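> Return atomic coordinates for the entry below.
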Amino acid sequence: MTTTAPSDVRPDPPHAPDDGSLAEFGYRQELHRSLGRYASFAAGFSFISVLTTVFQFFAFGYAFGGPVFFWAWPAVLVGQLLVAACFAELAARYPISGAIYQWSSRLSNVTFGWFAGWIMVIGQIVVVAAAALALQMVLPAIWSGFQLVGTDSAVTSQDGAANAAVLGVILLVLTTIVNIVDNRVMSVINRVGVTAEIIGAILIIVLLLTHSKRSPGITFHTEGAASSGLLGALLIGSFTAAYVMIGFDSAGEMSEETHNPRRTAPRTILTALAAAGLLGGLVILGGLLAAPSLTDGHLGVDGLSYVLTSRLGDGVGKALLADVVVAIAVATLAIQTAACRMLFSMARDGQLPFSRRLAHVNPRTGMPSAPAVVVGVLAAALLLLNFASPDAFLAIGTTCIVMLYLAYAMVTGPLLLRRLRGEFTSEGTDETGARLFSLGRWGIPVNALALLYGLLMTLNLAWPRATVYDPAGGHWYFQWFTVLFLAATLILGAAFRLYRNRTGAGTTSPERPVQEAAA
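A predicted model of the protein is given here:
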């Protein structure tokens, strides 16, 4: 990418010491650089949020796959580790907010990178909504008073779906406020929340394994599953793992706020995913082994909340569920923060409507306030779909996964082409003088497998299965929701690009002109 000379970069705001990471890319330091290694790890781990996502999608995975759906977990973990390894290399070379957009632009061109960023940020907004909906899986199980709408707390019921939307909106109001206040406050909440989640996950694993009723051999059975065959059970069961293990790139999103980002971000991307993958797999295994019954229908409807309260008793079970509530809140906060940084990064390059407003950073707090409000409002609007039908829960959840997987492929694809042309170098040093993280001779095979995995999983997730997306029938728009939503996203993005090119609207950023990217 043709960069602006360092002399054009304005001085840093107070409390945001510059380590030179941004100057070479033509940006000035505006976000406060205050995050250490654990905070960077927390950014990635809290987006993944094992307890949030496993509790949210365990019932779905079990309903369609039975116990055998467990084996989709290690398969997805390996695939995502391949993607994460590629992202770790890019995080070391391009430590900039808006990671997917920035990486794709520099590996391909501005237009392709813009669409990668556009798909990613829309996907992130949908993930925020999906994460907020997870409160319905645990709060009513702790206390019936949290069922504010109707009496049926199951997310598959009309009452449960509506109540999930109400609880989700309340949570989004709180996370939006935190995303405006100060990045140090956000960091403290993230670190405390992640620590509580890790401790809670370990406790849940230990207690479930010590209350086992059966052996791990049960994971080779499909009893209690919908009649979809072994392959279908694994493909649909993989939705759970696919939904959980996304967002590890958030450590890269927070690079501009991280000390020594070239050294820190690559390592925290990998460790966040590996830790989440290990803990999540053990939680699922523990739930299968400790469940009172595999065939009474509860696992496919109430999921892990049912296992905890029935096997560990109301007291211990509800205490652990309270920890899950903390994890859900922190996850929603982290995902919203990642989406805010993507909006900020694209707006800083003049690539979005109202770029100047979206790119403004409060010099006191070091936070871009407008993106937080935009993400919060749009995510809350998506939650209103839950009032239309309980099927919206699954439609929102799977749509966000597809969007992120596609955006990831729009990075690993151009990166593979660069490698094959010999245009991607492993040279360079990080802030400590050590060599940048690199896959070396393993770069091409790892990258190729990462791209293949990403494309196949995107196709698997987006396939409009009526039994999955419209089980009750009569809602064709939910069956095709993911495909329609993706098509609408691309059409809206193309329309904006065409309008911008014709009118010149948004072609200059508040900081610098938009320039063509190159590796």
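> Spatially nearest residue to residue 387 (excluding sequence neighbours)?
Once flanking residues are discounted, residue 387 sits nearest to residue 162: 5.3 Å by CB to CB, 6 or more residues apart in numbering. Quick note: C-beta positions are derived from backbone N, CA and C, even for glycine.
> Quick one: name whatever helix or strand follows the host helix or strand of that neighbour.
Assigned by DSSP states H and E, residue 162 belongs to helix 158-181. Downstream of helix 158-181, the next assigned helix or strand under DSSP H and E is helix 183-210.
> Give me the contact list for the next helix or strand after that next one.
Heading C-terminal from helix 183-210, the first helix or strand you meet, by DSSP H and E, is helix 229-244. For helix 229-244, the surrounding residues in contact (CB atoms under 8 Å, 6 or more residues apart in numbering) are 48, 50, 53-54, 56-58, 60-62, 64-66, 68-73, 75-77, 130, 222, 225-226, 228, 276, 280, 284, 397-398, 400-401, 405, 457, 460-461, 465, 468.
> Show me what the helix or strand following helix 229-244 is packed against.
Going down the chain from helix 229-244, the next helix or strand is helix 250-253, by DSSP H and E. If contacts are counted by 3 or more CB pairs under 8 Å, 6 or more residues apart in numbering; DSSP states H and E, helix 250-253 sits against helix 37-48, helix 72-93, helix 99-107, helix 261-290, helix 303-348.
> returning to that earlier point: which of the residues in the helix holding residue 162 are buried?
158-169, 171-172, 175-176, 178-181 (16 or more other CB atoms under 10 Å).
> again with stretch 285-294
Of all the residues in stretch 285-294, those buried under the rule 16+ other CB under 10 Å are 285, 286, 287, 288, 289, 290, 291, 294.
> And stretch 55-73, by the same measure?
Per 16+ other CB under 10 Å, stretch 55-73 contains these buried residues: 55-73.
> and if you look at stretch 442-460?
443, 446, 447, 449, 450, 451, 453, 454, 455, 457, 458, 460.
> can you check stretch 397-416 too?
So stretch 397-416, judged by 16+ other CB under 10 Å, has buried residues 397-416.
> do the same with stretch 318-326
Buried, per 16+ other CB under 10 Å, within stretch 318-326: 318, 320, 321, 322, 323, 324, 325, 326.
> Out of these, which is nearest to residue 259?
Proximity of the buried residues of stretch 318-326 to residue 259 was ranked by CB to CB; the top entry is residue 326 with 26.2 Å.
> distance of the residue most central in space within the chain from residue 349?
Closest to where the C-alpha atoms of the chain average out (CA atoms, centre = their mean) is residue 247, at 3.3 Å. Computed as CB to CB, to the nearest Å, the residue 247 to residue 349 distance reads 23 Å.
> again, but for residue 60
From residue 60 to residue 349 the distance is 38 Å (CB to CB).
> follow-up on the earlier one: what about the helix holding residue 162, average pLDDT?
Per-residue pLDDT over helix 158-181 has a mean of 92.
> surely the residue nearest to the centre of the chain meets residue 52?
No - using CB atoms under 8 Å, residue 247 is not in contact with residue 52, being 10.7 Å away.
> Contact partners for the residue nearest to residue 387?
Residue 162 makes contacts with 149, 150, 386, 387, as judged by CB under 8 Å, 6+ apart.
> Kindly report the same for residue 166.
Contacts of residue 166 (CB under 8 Å, 6+ apart): 148, 149.
> How much space separates it from residue 183?
Residue 166 is 29 Å from residue 183, where distance means CB to CB.
> same deal with residue 452?
Per CB to CB, residue 452 is found 37 Å from residue 183.
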